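In: coords please:
(one chain, ligands or ions: 1)
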Amino acid sequence: MILNRKLWERSGHWDHYKNNMYTTVIDDEDYAIKPMNCPGGMLVYASEPHSYRDLPLRMGELGLVHRHELSGALHGLFRVRCFTQDDAHIFMTRDQMKDEIKNVVKLFDEVYSLFGLSYQIELSTMPEDHIGTPEEWEENQNILKNAITEMGKTFIINEGDGAFYGPKLDFHLEDSLGRTWQCGTIQLDSQLPERFELEYTGADGQKHRPVMIHRVVLGSIERFIGVITEHFAGAFPTWLAPVQVKLMTITDRTNDYADSVVAKLDALGIRCEVDKRNEKIGYKIREAQGQKIPYMLVCGDKEAENGQVSVRTRTGKTKTMSVEDFADAICREVESRSRDLFITE
Ligand SMILES: [Zn+2]
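Out: Below is the predicted model:
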């Protein structure tokens with residue numbers, strides 16, 4: 001979390017990113033709280049020898065980073081000063097770059113389609129403040145362009161908006177209201193491997209320098225939660241809902257029955273809660289509906305007697321069914337990651 005100034009000087013962050021970094025002094029030496037996971041990733045790669053047979057080497061982490069954003073720029077979950085990235089650094093030979101970029105794009109397609117999010121791709125090119133020669137930048141930009149074009153995808157160019165160490169592809173997700181959010185990125189980098197003198201042993205027995213991709217899929221996990229909350233307007237598909245089922249008792253007499261239903265669903269991995277408060281059932285339903293919990297199960301005397309539950313969806317559909325039938329149906333819905341509730345009328 002806290003790394004010595006020398007490391008940040010070596011990575012270039014001290015010169016090019018210092019305004020966004022929190023720094024501290026320990027035993028008269030400067031340290032910075034990491035704003036990016038990259039330099040730590042370089043140290044991990046360098047901690048043991050590598051052969052060309054190991055490449056591409058893909059190393060992922062859920063990295064907690066801190067960035068100093070201006071207070072006026074902070075915005076809910078969308079722009080915060082402390083967040084977790086689903087980050088990875090992929091080390092490879094130059095020949096492997098294009099295929100590896102395509103693999104990452106396939107991963108993006110798999111993840112984003114699960115949430116029903118479409119995207120636009122932007123290619124960000126060399127910024128004014130950069131390291132590396134214009135020729136290296138040009139070459140890396142072409143590799144990104146070719147990978148995307150060969151996959152039959154289109155992109156727009158965002159002139160001068162690359163990271164200081166390399167060009168990048170940004171994936172701007174479009175939510176259900178047509179707003180766009182930048183989440184995934186793929187950044188090509190030949191600078192950090194150079195600065196950290198990373199090596200692998202080639203088939204020729206000689207030492208070579210790998211190149212690297214930085215990539216995030218969700219980006220900031222906090223921000224992504226904000227994006228999908230807006231996208232689904234809080235009504236998450238059942239597989240994603242924090243609470244999938246809310247049980248409600250009508251009278252204290254059915255508390256034990258409700259507990260037994262919770263135990264059954266819980267054993268199947270269904271996230272459920274029970275509301276035993278001494279409140280009117282209409283009030284309990286309105287509250288759960290406001291929280292957009294997919295299924296409410298009302299347990300009265302009749303249901304307890306017959307081993308049934310009165311199911312009510314957040315959209316107001318109702319059905320009385322056996323506990324077993326309900327459990328089967330919700331498990332199927334969750335496993336298929338359906339975006340629709342199983343009771344539709
Ligand atoms: Zn990185």
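In: Point me to the helix or strand that includes the closest residue to the ion within the stretch 151-300 of the chain.
Out: Of all residues in the stretch 151-300 of the chain, the one sitting closest to the ion is His214 (3.3 Å; CB to the ion). Glycine gets a C-beta too; all of them are placed from N, C-alpha and C. His214 is located in strand 211-220, with elements delineated by DSSP states H and E.
In: Touching the very next helix or strand once past that strand from outside, list them.
Out: Using DSSP H and E, the helix or strand that directly follows strand 211-220 along the chain is helix 221-231. Applying CB atoms under 8 Å, 6 or more residues apart in numbering, the set of residues contacting helix 221-231 from outside is 62, 76-80, 83-86, 115-117, 173, 175-177, 179, 181, 183, 218, 236, 240.
In: Of those residues, select the buried ones using a PyMOL command.
Out: Buried residues within the contacts of helix 221-231, by 16 or more other CB atoms under 10 Å, are selected in PyMOL with:
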select buried, resi 77+78+79+80+83+84+85+86+115+117+173+175+181+183+218+236
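In: Kindly report the residues of this protein close to the ion.
Out: Proximity of the chain to the ion, by CB under 5 Å from the ion, involves residues 38, 214.
In: Helix or strand with the lowest mean pLDDT in the chain?
Out: helix 13-16 (a mean of 88; mean pLDDT, DSSP states H and E).
In: other SSEs contacting the helix or strand that that one is followed by?
Out: Heading C-terminal from helix 13-16, the first helix or strand you meet, by DSSP H and E, is strand 23-26. On a contact count with 3 or more CB pairs under 8 Å, 6 or more residues apart in numbering; DSSP states H and E, strand 23-26 meets strand 29-33.
In: List the buried residues of the next helix or strand after the strand it packs on.
Out: Downstream of strand 29-33, the first helix or strand assigned by DSSP H and E is helix 38-46. By 16+ other CB under 10 Å, the buried positions in helix 38-46 come out as 38-42, 45.
In: Disregarding residues adjacent in the polypeptide, which is nearest to the residue nearest the centre of the chain?
Out: Nearest to the mean C-alpha position of the chain, by CA atoms, centre = their mean, lies Leu218 at 2.8 Å. Among residues not flanking Leu218 along the chain, Phe224 sits closest, at 4.1 Å (CB to CB, 6 or more residues apart in numbering).
In: give me the low-pLDDT residue ranges for the stretch 1-150 of the chain?
Out: Along the stretch 1-150 of the chain, no part satisfies pLDDT under 70.
In: that older thread, what distance do you get for the residue of the stretch 151-300 of the chain closest to the ion to Val105?
Out: With distances taken as CB to CB, to the nearest Å, His214 is found 15 Å from Val105.
In: In terms of neighbours, single out the busier of these two.
Out: Per other CB atoms under 10 Å, whichever of His214 and Val105 has more neighbours is His214, with 23 against 20.
In: Which residue ranges of the stretch 51-200 of the chain form strands?
Out: 57-66, 82-92, 118-124, 155-158, 168-174, 180-189, 200-201 (DSSP state E, counting those that start in this stretch).
In: can you redo these as JSON lines with distance to Glu287?
Out: Below are the strands of the stretch 51-200 of the chain laid out as JSON lines (distance: least, CB to CB, whole Å):
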{"stretch": "strand 57-66", "distance to Glu287": "33"}
{"stretch": "strand 82-92", "distance to Glu287": "31"}
{"stretch": "strand 118-124", "distance to Glu287": "34"}
{"stretch": "strand 155-158", "distance to Glu287": "45"}
{"stretch": "strand 168-174", "distance to Glu287": "31"}
{"stretch": "strand 180-189", "distance to Glu287": "30"}
{"stretch": "strand 200-201", "distance to Glu287": "59"}
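In: per-residue confidence for the residue of the chain most remote from its centre?
Out: Distance from the C-alpha centroid of the chain, by CA atoms, centre = their mean, peaks at Glu305 (44.9 Å). Glu305 carries a pLDDT value of 94.
In: Kindly report the same for Gln182.
Out: At Gln182, pLDDT is 87.
In: burial measure for it, as a count.
Out: 16.
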